[in-house]
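A.B. asks: test case, fold it:
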Amino acid sequence: QPSRAGARFVVRETGAVVSEPVVRSETSSASGLLTLPPLALYVHLPWCVRKCPYCDFNSHEARGALPFDGYVDALIADLEQDLPLVWGRTIGSVFFGGGTPSLFPPETIDRFLQAASSRLRLAPGLEITLETNPGTAEHGRFEHYLAAGVNRLSFGVQSFDDGCLQRLGRIHDSAQAESAIKLAQDAGYSNFNIDLMYALPQQTLAMAEHDIECALALQPTHLSHYQLTLEPNTVFAAKPPADIPDEDGAWDIQEHCQRLIADAGFDHYEVSAYAKPGMQCAHNRNYWLFGDYLGIGAGAHGKLTLPANDGILRRWKLKHPAAYMANAASDARIGGDEWLDASRRPFDFMLNALRLTDGFALSLFEARTGLSRAAIANELQAAIAREWIAIDGDHVRPTELGQRF
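C.D. replies: Numbers count the residues shown, from 1 in each chain. Next up, the predicted model:
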């Protein structure tokens, strides 16, 4: 990871990575051991300049001046309420998602990170990512994010074709996207992701190839390349755009672009994620390997392994920013809690881990779920029979066919 020289918050000396204890779970089956996994921090910043018609995230169109300081106050209050769930544990990564986090001035990000570092153990040199909309970039801002401690950016470009961007309802054009990324590089960023979508309305194979070429020319360390889907409760679901490539057309684009990205030296390590060697997204890998994450902010979700309760808790916060801010200092901020019992854990683990092209170790399944591999023996054999997975000793990986599923 790049140096965080100039960062104004200080990681505690106690923030060194330590061995986490193994705890016994009464809900476990054969193995009976539920091991504390790595812990990440997700921070949701919910506003956008405009809601994109394909977006089903918890994002809200900004109307008038946004309450940046008041929202950071709420984030800190929310974090303090959740601290008893994570006492003594080390945060391995931080991710500011949205919405459009780059709407928030760097000093507000700095203030939250200062507050977080005084309340949590932050691992030295941890990855801290901020999602960025090229249409909100301003000259001089990126170096201030870097000084605040943000050492990785994720640019929501989606396409370098102006017609595609207009049809997607994006607020930037291709020139602004290229300019924003170059401004970040000039400010000192070398570690950044570019989000691209494919199978867009009226997109041809040549247009999709052009998007990849433009992205690669900017020398990102990471690419996210995923197909446009019409999610429920979005404008596109209610009024699908015309001329979306059919399944065969989308597959041709996917296959061709995957070759281009591989030829450029990127490892295809997850369904939609590609990285230069050593530059995989640590935060997302923690999700995919069924790690823990503390979710702070309006609509944020978390998943925590709790030794005192011998269980796994999923918690989410109130979705609407105003309701969240009004209740951030009390339990009323919680949108819901759900204990993940033993019957649910195999599905939730596989939903994440089977996204990784290299798969996972069965010993990791046992440690993260508290279940024996015997608990999923029938399902594993059925998947092998369908040629969806292969098992080599302790290791399970999806086959090329399995990755399609």
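A.B. asks: pull out the buried positions in stretch 66-81.
C.D. replies: Along stretch 66-81, these residues count as buried under the neighbour rule (16 or more other C-beta atoms under 10 Å): 66, 68, 71-79, 81. Quick note: C-beta positions are derived from backbone N, CA and C, even for glycine.
A.B. asks: dump that stretch to CSV, restricted to CA.
C.D. replies: Extracted C-alpha coordinates of stretch 66-81, given in CSV (Å, rounded to 0.1, in the frame of the first residue of the first chain):
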residue,chain,number,x,y,z
LEU,A,66,-25.8,18.9,3.2
PRO,A,67,-25.3,18.5,7.0
PHE,A,68,-21.8,17.3,6.8
ASP,A,69,-20.7,18.1,10.4
GLY,A,70,-24.0,16.9,11.9
TYR,A,71,-23.7,13.6,10.0
VAL,A,72,-20.1,13.1,11.2
ASP,A,73,-21.4,13.8,14.7
ALA,A,74,-24.0,11.1,14.2
LEU,A,75,-21.4,8.6,12.8
ILE,A,76,-19.2,9.1,15.9
ALA,A,77,-22.2,8.7,18.2
ASP,A,78,-23.2,5.5,16.3
LEU,A,79,-19.7,4.2,16.6
GLU,A,80,-19.6,4.8,20.3
GLN,A,81,-22.8,2.9,20.8
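A.B. asks: hmm, who's touching that stretch?
C.D. replies: With C-beta atoms under 8 Å, 6 or more residues apart in numbering as the contact definition, stretch 66-81 has outside contacts at 43, 45, 47, 103-105, 108, 111-112, 115-116, 119-120, 294, 296-297, 317, 321, 324-325, 328-331, 333.
A.B. asks: spatially central residue for this protein, please.
C.D. replies: The central residue of the chain, meaning the one whose C-alpha is nearest the mean C-alpha position (C-alpha atoms, centre = their mean), is Asn284 at 4.8 Å.
A.B. asks: ranges for the helices of the stretch 51-200 of the chain?
C.D. replies: Along the stretch 51-200 of the chain, the stretches classed as helices by DSSP state H, counting those that start in this stretch are 68-82, 106-119, 141-148, 162-168, 174-187.
A.B. asks: picking that back up, filter the contacts of stretch 66-81 to the buried ones?
C.D. replies: 43, 45, 47, 103-105, 108, 111-112, 115-116, 120, 294, 296-297, 317, 321, 324-325, 328, 333.
A.B. asks: got a list of what Leu153 touches?
C.D. replies: For Leu153, the contacting residues are 129-132, 142, 145, 184, 189, 191-193, by C-beta under 8 Å, 6+ apart.
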